[in-house]
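Undergrad: With the sequence up front, the predicted model follows.
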Amino acid sequence: ISYVVDTGRQKCRNYHAGTGVASYDVMWISKASADQRAGRAGRTGPGHCYRIFSSSVYSRHLDPFALPEVLTRPLEDVVLAMKAMGIGNVGAFPFPTSPDSSHLNAATKLLASIGCVDISNVERDGGDGKITPLGTAISKLPIGVRYGKMLLVAAQGNVLDYGIVMVSVLSESNLFSNSNAETLDDNASDEDSLEGLDEVDRHNAMKQEEIKRKESRNRWSHRGGDVMAGILASGAFSYAGGGAGGASEGLASKRFCEENGLNLVVMSRIQKMRVHLARLAHQRLGNATGIAAQSGKILSSMAPPKTFQENLLRQAVVSGLLDNVARRSPQGRFGNETNVPRTAYFSCRS
């Protein structure tokens, strides 16, 4: 590499302990990162780094170093791993860079809510809770705590293969391609293809195209919600590719996504995650039933889940998100408050 163009920006994952939500934000890099990027130019010969930000920005807005990862990520998997190593009081552990106590408390509370840590005897025994057998089992899976519990519950219900698809779908934000940018691109291409038609034919053709788009968007609707719809879409994507490998599978998958309103990049990542989780299930959950646990592979032709299997998968999802479950408020719970909507919900933690 002889030339490097540095924008001074990077996409960082920021964790908000108050809401428990992680977001990806575009932020300035640190001075250390800027110097490291410049060092990539001309390692084996003369080179140049062009920074498209001023020296004033470098000196005023860039921090000397990036924040340690322990300060910018969810800590529930870290706390669970430390509990599995026998550390009774994680809050008193001498971290090289100590995380905020509120982050540790939020992580411990989350682990307790999903059954990984027992905090019922904290006042008697001290510390911040003891790991449960469920927590020990989840700590052996190199994935997120919530997803680990979902997989274990799915394996207990003999729907591990579907549980792997479900976790893979949940790991992505949106697998359906319905963004405004794509719609504008489709409209532009449609207008180019309709050149030469009179007004009536153009109107009819555009109406038919709009009907096709609506059908492709509604094709994956499911009464069980987006998770079940994603499971169906992922299974159909695998079947369309056929597991042939190479260019033929890639072309078939691309054509399938274009015809069915799916995001090819996201669907490909889901497919890779399924393969990874299948190997993990074979190594760590070999006693479970299913193709993944027994062979470490996925089926390219997996039938959609039946009704009782869908119910088991819903239970698996809820088991990993117990702290986010809300119940519908019964009549009269809020007294005579006039600003409460007729259909109100309250957290199960309240």
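TA: Yes, it's here.

Undergrad: what are the ranges of the helices in the stretch 51-200 of the chain?
TA: Ranges of helices in the stretch 51-200 of the chain, per DSSP state H, counting those that start in this stretch, are 55-60, 76-84, 101-113, 122-125, 133-139, 145-156, 160-170, 180-193, 199-218.

Undergrad: Can you name the next helix or strand after the longest one?
TA: The reference is to helix 199-218. Where DSSP states H and E defines the elements, the next helix or strand beyond helix 199-218 is helix 226-241.

Undergrad: helices and strands around that next one, which ones?
TA: Packing partners of helix 226-241 (3 or more C-beta pairs under 8 Å, 6 or more residues apart in numbering; DSSP states H and E): helix 160-170, helix 246-260, helix 264-284, helix 307-320. Bear in mind the C-beta positions are built from the backbone N, C-alpha and C, glycine included.

Undergrad: So which residues make contact with that helix?
TA: Contact with helix 226-241 is made by 162, 165-166, 168-170, 175-176, 220-222, 249-250, 252-253, 255-257, 260, 262, 267, 270-271, 274, 298-305, 310, 313, 317, as judged by C-beta atoms under 8 Å, 6 or more residues apart in numbering.

Undergrad: re earlier: export the helices and strands packed on helix 226-241 as TSV, with columns for mean pLDDT and distance to T136.
TA: Formatted as TSV, these follow (pLDDT from 0 to 100; distance: least, C-beta to C-beta, whole Å):
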stretch	mean pLDDT	distance to T136
helix 160-170	93	19
helix 246-260	83	39
helix 264-284	92	12
helix 307-320	93	17
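
Undergrad: Doesn't Y24 lie inside a helix?
TA: No - under DSSP: H, G, I helix; E, B strand; the rest coil, Y24 sits outside any helix and is assigned strand.

Undergrad: and it, what pLDDT?
TA: If you check Y24, the pLDDT there is 77.

Undergrad: For R279, find the nearest of the helices of the stretch 51-200 of the chain.
TA: helix 160-170 (10.3 Å; C-beta to C-beta).

Undergrad: How far off centre is the closest one?
TA: 12 Å (C-alpha atoms, centre = their mean, to the nearest Å).

Undergrad: looking at the helices of the stretch 51-200 of the chain, which has the lowest confidence?
TA: Across these, the lowest-scoring stretch is helix 180-193, with a mean of 47.

Undergrad: No more questions from me, cheers.
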